[in-house]
Every structure is written in C-alpha cells, then in structure tokens.
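Engineer: Make a model of this:
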Amino acid sequence: MRILDTKNFSVPGYKAWGIHCGIKKTDKKDLAIIYSEREASVAGVFTKNRVKAACVQLDTARVKSGKGQAIVANSGCANACTGKRGFADARATAEHLAGEFGIKPDTVLVASTGVIGEFLPMPKIATGITTASGLLSATGWEQAAEAIMTTDMYPKLAIVQEEIGGKTITVGGMAKGSGMIHPDMATMLCFVVTDVALSAPLLKKALLASTDRSFNNITVDGDTSTNDMTLCMANGAAGNKKIATGSKDFKKFQACLDTIMQSLAKQVVRDGEGATKFVEIEVRNAKSPAEAKRAAMTVAKSRLVKTALFGEDANWGRIMAALGYAGVDLDEGRTDIYIGKIKLVEKGLGQGKAAERDATLGLKQRDVQIIIDLHKGKGNAIVWTCDMSYEYVKINAAYRS
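Structural biologist: From the prediction side, this is the model:
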C-alpha cells in the first residue's frame, strides 16, 4: 500500500468540485459535488440518532439498491427537523443534479450539514448545482472538501494506492467534522471513492468493518449528529477482476479502506472544536474487547478528564472516577494508569508528586497517550479524543450567529 500526497488527490473515473452558492452568510464554499463517470457500487452507514435529517432518510433507502453515481452535499443548513418540505427538497436536490448529468435520480445521494430546523434555499441550491456541475475536475477534491466544512479549521483528505488483481487501484476519501462528534455510526460526513471493482454487498461489509475501526472509536464532545453519514462508491474503473469474498484481494482492499477512514477519523479529532491536544486512550487487559472499548470511551468523553487535559493537569483521579462509572468489570486495587511512559497509578494507588510532575511534561505535548491496564482479562481497545478548551464553548455559544 502506498499513501499518497493529498495535494495530488485524484481517483480514476471520478470528478469533484466545491463552490459558494449562498447558503452560508459568508463567502465560504457551501456546495460540493462528487461524480462517477460510470454507475458504481455504493454502500452507506448512517447516524443512529432517532432524529434523522431528510438526507439521511433519503440515502438510507437509496443505498439499499447498491447502485450510485453522484453525491451532492451542502454545508450551512442541516435540512433536519424540516418535515415533508425538507424531504421534498432533498429529493429535488438529487433530481436537479441527475438532470445536469442525464443520470437516474435514484443514483444521486444527498448530504447536508449545518444548522438544524432551517429549510434549504432551493433556488440557490439549484443554481449552485448547475454552476458546480460545469466546473467538475478530476483534481477538484480539495475544493469539494472545503465546501462541506462547518466549524472545521481545514479540509480533511486521505488517499492510497494498492496492487489488486494485477491492477493499480486507488482509494480516496474526504470528511468534515469538528463538533457533534461521538460514535453511533460515523459522527460526521465522510465520502470515500475507489476505482476498484467490487460488489455492493462486499463494499458494505468492508465499510461497516472500517467504520467500527475508525469513526466509532472517536469522540469530541459526546454528541451524535442528526446528519451523520459515510458513503462509499466503487466504480470499477481500475479494470481489476471483481474482488471475491474472503480473497487476499479483499483483505488488501479492506486494509486500504481502514487506512483512509482511520486517517480521516484522526483528522476529525485533531480538528475538534477548540482542541489543543490529540489524545489516544488505550485500555488493556479488560474482561473483553467490548468492556475495553466501553472503559476507554467513558474516559474519552468525560468532561472532567478533557478539561484536565486542556489544563495540563495530571489529575489521575478523574480518570479513575470515569472508569468507576463505565459499567465494566473493574477492581480498583488492580488498576494501573499511565500518561505516556509515566506510571501515575499502580494497583489503584497514586505514585506520588514526582510522577505527576513527570506526567505533566507529557501533557504539554500536542499528542498525548493515556494507557489504562485493568488486569482483568485479555480485552484491548483504543479510542481517540481531544481536550475541551474555552474555545469549544465560544464556538458553540455563537454557532448560529
């Protein structure tokens, strides 16, 4: 597998672009289009929030066909909690794009992100789709990635290549996400495209596995959005023989997809609203992998842990308290806690002020590692999170203004 420079992002058989069409109050880009030159296999994973945006409802039904050819995404308006009108607007958005390219409306998927409870400005959307359709480029991915940003500080992209079936195949993805980030699916918008030949059922299998290894292992603020989705298209332009279940080629593709989605997931955490630190939390030797994941995620989303990290305070008591309410098999007297290589807690007891001073030096770094050893079994898990700063409050207090 070769990890490529995103400055040269291009996937054979696809074009993309992003523009400002007037949804946002500023002149920032707010409409993106991704187009496959041929009909592709498609799979999607969607939010588990019971309040679902119109685009989520529409796409959940459409991906069941396993076929797709285009994605149109807007930022600045979530088109969530908008009733029948919102659903009709999502359908009309897809139909307008389908008309521009002469493709089936049911092969167009729609995504939205932004403020909940507002209607899409459909005349601006229609004009924007027409304009962006004429600007599509094989190298237009950074523009498209910029157009789906909300509170993000920078566009998020990742791309790799691999040899499969004697052909060079490419897998590339883009994502947006900064706040309202918590597992229960994808926790943001993510679009992955590949030129590999792969059936829709296998693509779905790979996507579900990659989601569990990436976006379901991150948290910024513990909130799950109404609009979360990950969509993946595979158009076969590479010309490889269609990948078979359980083959070495499928494992290669899975590794490529895992790499893309983990890269994007980590970028989302690094760009967490107001974040100053990227934090990896590893739980070792829990009773089971599921309990390890639950313990790690409980610590990761603890507001007290996150604010201590921002304050560069090696307050291990907050970590221990979070473990105590995680609902896992825990024996305080067997639990060890490390920050980096510094052991702060051994068998439930703090290791003194000197250890805390050494750990504080580690907390001054941009990247922080917390290791928790429960000594209860063989279950391990890693999750990624960030600290919580004053800026997080400022961003979300003024989000609509």
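Engineer: How are the helices of the stretch 201-350 of the chain distributed by residue range?
Structural biologist: 248-270, 289-301, 303-310, 316-324 (DSSP state H, counting those that start in this stretch).
Engineer: In the stretch 201-350 of the chain, where is pLDDT below threshold?
Structural biologist: Within the stretch 201-350 of the chain, the stretches with pLDDT under 70 are 221-223.
Engineer: circling back: redo the helices of the stretch 201-350 of the chain as a markdown table? Include distance to residue 96 and mean neighbour count.
Structural biologist: Where you see a C-beta, it was placed from the backbone N, CA and C, and this is true even at glycine. Output for these, formatted as a markdown table (distance: least, C-beta to C-beta, whole Å; neighbours: other C-beta atoms under 10 Å):
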| stretch | distance to residue 96 | mean neighbour count |
| --- | --- | --- |
| helix 248-270 | 28 | 21 |
| helix 289-301 | 40 | 22 |
| helix 303-310 | 42 | 20 |
| helix 316-324 | 48 | 19 |
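Engineer: how about those, which one is nearest residue 239?
Structural biologist: The closest of the helices of the stretch 201-350 of the chain to residue 239 is helix 248-270. By C-beta to C-beta, the value is 13.4 Å.
Engineer: C-alpha coordinates for that closest one, PDB please?
Structural biologist: Presented in PDB, the C-alpha positions along helix 248-270 are these (Å, rounded to 0.1, in the frame of the first residue of the first chain):
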ATOM      1  CA  LYS A 248      -6.400 -11.900  -0.500                       C
ATOM      2  CA  ASP A 249      -7.600  -9.000  -2.700                       C
ATOM      3  CA  PHE A 250     -10.500  -8.300  -0.400                       C
ATOM      4  CA  LYS A 251      -8.100  -8.200   2.600                       C
ATOM      5  CA  LYS A 252      -5.900  -5.700   0.700                       C
ATOM      6  CA  PHE A 253      -8.900  -3.500  -0.100                       C
ATOM      7  CA  GLN A 254     -10.100  -3.700   3.500                       C
ATOM      8  CA  ALA A 255      -6.700  -2.500   4.600                       C
ATOM      9  CA  CYS A 256      -6.800   0.400   2.200                       C
ATOM     10  CA  LEU A 257     -10.300   1.400   3.400                       C
ATOM     11  CA  ASP A 258      -9.200   1.100   7.000                       C
ATOM     12  CA  THR A 259      -6.200   3.300   6.400                       C
ATOM     13  CA  ILE A 260      -8.300   6.000   4.700                       C
ATOM     14  CA  MET A 261     -11.100   6.000   7.400                       C
ATOM     15  CA  GLN A 262      -8.700   5.900  10.300                       C
ATOM     16  CA  SER A 263      -6.700   8.800   8.900                       C
ATOM     17  CA  LEU A 264      -9.900  10.800   8.400                       C
ATOM     18  CA  ALA A 265     -11.200   9.900  11.800                       C
ATOM     19  CA  LYS A 266      -8.000  11.100  13.500                       C
ATOM     20  CA  GLN A 267      -8.100  14.300  11.400                       C
ATOM     21  CA  VAL A 268     -11.600  15.000  12.700                       C
ATOM     22  CA  VAL A 269     -10.300  14.600  16.300                       C
ATOM     23  CA  ARG A 270      -7.300  16.800  15.700                       C
END
